[in-house]
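**Q** test case, fold it:
(chains A and B)
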Amino acid sequence: MIDLKALRENPDRFIDGARKKGVAVDIARLLALDAERRELGARQEALRAEQNRLSKEIGPKLGQLTGKLKSASGDDKAAIEAEVAEIKAAPARLKEDIQALEQRIASLEPEFNEILLRVPLPPDADVPVGTSSDDNVEIRRWAPNGWDFGKSFEANRGFKPRTHIELCEMHGLVDFPRGVKIAGSRSYILTGDGMRLHQAVLRFALDFMTNENGFRPLSVPVLVREEAMTGTGFFPAGRDQAYQINEADRGGGYDMFLTGTGEVGLMGLHQDEILDEATLPLRYVTVSTCFRREAGAAGKDTAGLYRIHQFDKVEQVVIDVADESKSRAHHRDMIGFVETLLQRLELPYRLLQCCTGDLGVKNADMVDIECWMPGRGEPDANGVPSGAFGETHSASRLYDYQCRRLNMRYRPGGETGKGPTTFCYSLNNTVAASPRILIPILEMHQNADGSVTIPEPLRPYMNGQARIG
RNA sequence: GGAGAGGUGGCAGAGCGGUUGAAUGCGCCGGAUUCGAAAUCCGGUUGGGCCUCCGGGUCCACGGGGGUUCGAAUCCCCCCCUCUCCGCCA
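**A** Residues are numbered from 1 along each chain as shown, chains lettered A, B, ... in the order given. Now for the predicted structure:
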């Protein structure tokens, strides 16, 4: 959620930001509703003040009169009753007016909130303007010794690559047909070394973040309430991407949602808290199963392990004070962790600065990391794929957009600080999402005979095994 | 799944229709005392919205929402959450 005060002071910044992101949102309407809301609110508040003042006067008077009423009779009684009625009349009128205003304000609320939640965080000034992922800008790329991006896989390695699908089939790493039988399209079952490799990557990534980078490992709920989805900024915009568990209609009270990332649980952790500044920055990592409907992606990446409804992901988040330079520094760090991890796995990758059109509502800045996947891309005349980059990581900077929604604050100046409570800044980044990352691992480390060399760092997690096949 | 109890400030815990945003204790902060500290004493100590001539004004919030009432932390209804016992169970 954006800062309403900032919007009032500088609407153009948000109008411009929404335009750059390609988000259609009627900010003029929002401002009009806001003005009306405040105007009505001010009038209501004045009436309430009057009502409160009268109540304080009336109490004792009423007490006296009801006392008299007990001993009174005849004309006296009637006179007192009339006086009581008169005293009650003024506040009663106020009450009617207040309630009328209350109703008018309430009638504005749904539209107001609907628009407010959809106003995107403006992109940072240094984010390239663009309309889609085609306009993303490459920052840099890296490849291990012996790999030249300028040459084909065959030219690099001396043999034609097999796709991960072929490799999985060859070594019995995944059972796609039975996955589909059980759970429908985009489902799979990791089998044997496939499952072992999957677990090895996840555990390696978690240990790397925990042991080497000082992140605190946490488990998170993946089945959450709607508030957690809205608070973390995934709703309402991404509502159609989340699986909804229908509990309300079967007497469960309320519906639940399956999370598409561990970010929801990690960020929801400190919802509604005022954090001690001394504890910041918070660095959390989790591994969780992620669920995505992939609505709107019908027919896209239907084969293999690339685009699937359920996967596991090691996710990192950082929560810190409201400071842009720190936010940028954390971003660099978090990207650096991933680069180190990919380099240890000897996977070629590139960093992409996402353009404004590719940021989504909640990010001010986002860098995607794509690994080289030899099995992707258009096949040539001989049916050998060209290879292509495929997104494996996404590092976001959100400023206070998310923490504002989550109501996560700190008080500058520490425990004894007198500063105003301030919304924290948050960031998140993938560490490793599997099985998608198995694609470059299998395809890049395949040998001429189809066997796959297991990258060194994963071997301890596979009982020392050095190759598959 | 059945039966019951309860949700009040950082914590503990009063209040159960009328200046109660809330007693009291603990904690915390400031000050006094002290060579210093402990103890003691004094004072302070929730969050948010709106308006502001920046002095301040005003409203909201006692799990959440609605209702009754001139007036609700206190009464009523719905929801959420926690705890205890029984049943079931990884």
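
**Q** all helices in the stretch 101-250 of chain A, in order from the N-terminus.
**A** A:153-157, A:164-171, A:176-183, A:193-207, A:226-231 (DSSP state H, counting those that start in this stretch).

**Q** from the middle of its chain, how far away would the last one be?
**A** Centroid displacement of helix A:226-231 relative to its chain, using Cα atoms, centre = their mean, to the nearest Å, is 10 Å.

**Q** elements contacting it?
**A** Here helix A:226-231 touches strand A:256-258, helix A:263-268, helix A:401-406, going by 3 or more Cβ pairs under 8 Å, 6 or more residues apart in numbering; DSSP states H and E. (C-beta placed from N, C-alpha, C; glycine too.)

**Q** between the helices of the stretch 101-250 of chain A, which one is closest to RNA strand B.
**A** helix A:226-231 (9.3 Å; Cβ to the nearest atom of the strand).

**Q** for RNA strand B, what's its nearest residue on the stretch 301-450 of chain A.
**A** A:T421 (3.3 Å).

**Q** wait, that residue touches A:E273, no?
**A** No - using Cβ atoms under 8 Å, A:T421 is not in contact with A:E273, being 10.6 Å away.

**Q** between those two, what contacts are shared?
**A** Common contacts of A:T421 and A:E273 (Cβ atoms under 8 Å, 6 or more residues apart in numbering): A:R409.

**Q** correct me, but A:M256 touches A:A248?
**A** No - using Cβ under 8 Å, A:M256 is not in contact with A:A248, being 9.5 Å away.

**Q** related to what we said a few turns ago, which residues does the residue of the stretch 301-450 of chain A closest to RNA strand B contact?
**A** A:T421 neighbours (Cβ under 8 Å, 6+ apart): A:274, A:409-411.

**Q** could I get the pLDDT score of it?
**A** A:T421 carries a pLDDT value of 88.

**Q** measure the nearest residue to it once chain neighbours are set aside to A:N428 for me?
**A** In space, and not counting its chain neighbours, A:T421 is closest to A:R409: 4.4 Å by Cβ to Cβ, 6 or more residues apart in numbering. Distance of A:R409 to A:N428, computed by Cβ to Cβ, to the nearest Å: 19 Å.

**Q** more crowded one of those two?
**A** Using other Cβ atoms under 10 Å as the criterion, A:R409 and A:N428 rank with A:N428 on top: 25 against 20.

**Q** any idea which helix or strand comes after the helix or strand that one falls within?
**A** In this structure, A:N428 sits in strand A:425-434 according to DSSP states H and E. Later in the chain than strand A:425-434, the nearest helix or strand by DSSP H and E is helix A:438-444.

**Q** please list the residues outside that following helix that contact it.
**A** A:161-164, A:167-168, A:173, A:194, A:197-198, A:201, A:304-306, A:345-348, A:371-376, A:390, A:392, A:452, A:455.

**Q** which of these fall in strands?
**A** A:371-373, A:390, A:392, A:452 (DSSP state E).

**Q** nearest to A:A42 among those?
**A** A:T392 (52.2 Å; Cβ to Cβ).

**Q** ok, the closest residue to the closest one other than its chain neighbours - contacts?
**A** In space, and not counting its chain neighbours, A:T392 is closest to A:C371: 4.7 Å by Cβ to Cβ, 6+ apart. Going by Cβ under 8 Å, 6+ apart, A:C371 touches A:342, A:347-349, A:389-390, A:392, A:437, A:439-440.

**Q** what about the residue in the stretch 101-250 of chain A that RNA strand B sits nearest to, how many neighbours?
**A** Using Cβ to the nearest atom of the strand, the single residue of the stretch 101-250 of chain A nearest to RNA strand B is A:A106, 6.8 Å away. Using other Cβ under 10 Å, A:A106 has 9 other residues around it.

**Q** again, but for A:A237
**A** Neighbour number of A:A237 under other Cβ under 10 Å is 15.

**Q** OK, contacts around it?
**A** Contacts of A:A237 by Cβ under 8 Å, 6+ apart are A:118, A:360-361.

**Q** so which of these is the most crowded?
**A** Result: A:V361 is most packed of the contacts of A:A237 (other Cβ under 10 Å), 21 neighbours.

**Q** need the contacts of A:A237 in TSV (columns: distance to A:E96).
**A** Output for those, formatted as TSV (distance: Cβ to Cβ, whole Å):
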residue	distance to A:E96
A:R118	35
A:G360	46
A:V361	41
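
**Q** now those residues as a markdown table including pLDDT?
**A** Shown next, in a markdown table, are the contacts of A:A237 (pLDDT from 0 to 100):
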| residue | pLDDT |
| --- | --- |
| A:R118 | 92 |
| A:G360 | 90 |
| A:V361 | 92 |
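
**Q** what's the end-to-end length of stretch A:389-405?
**A** 34 Å (Cα to Cα, to the nearest Å).

**Q** mean confidence for it?
**A** 96.

**Q** cool, stretch A:343-352 as well?
**A** On average, stretch A:343-352 scores 98.

**Q** next, the buried residues of it.
**A** A:345-352 (16 or more other Cβ atoms under 10 Å).

**Q** quick check, nearest of those residues to A:P385?
**A** Relative to A:P385, the closest of the buried residues of stretch A:343-352 is A:P348; by Cβ to Cβ it sits at 15.3 Å.

**Q** just checking, that closest one touches A:G146?
**A** No - the pair A:P348 / A:G146 is not scored as a contact, 10.4 Å apart, by Cβ under 8 Å.

**Q** hmm, who's touching stretch A:28-39?
**A** A:4, A:7-8, A:11, A:105, A:108, A:111-112, A:115-116, A:119.

**Q** check chain A for the residue nearest RNA strand B and tell me.
**A** Closest point on chain A to RNA strand B, by Cβ to the nearest atom of the strand, is A:G253, at 1.9 Å.
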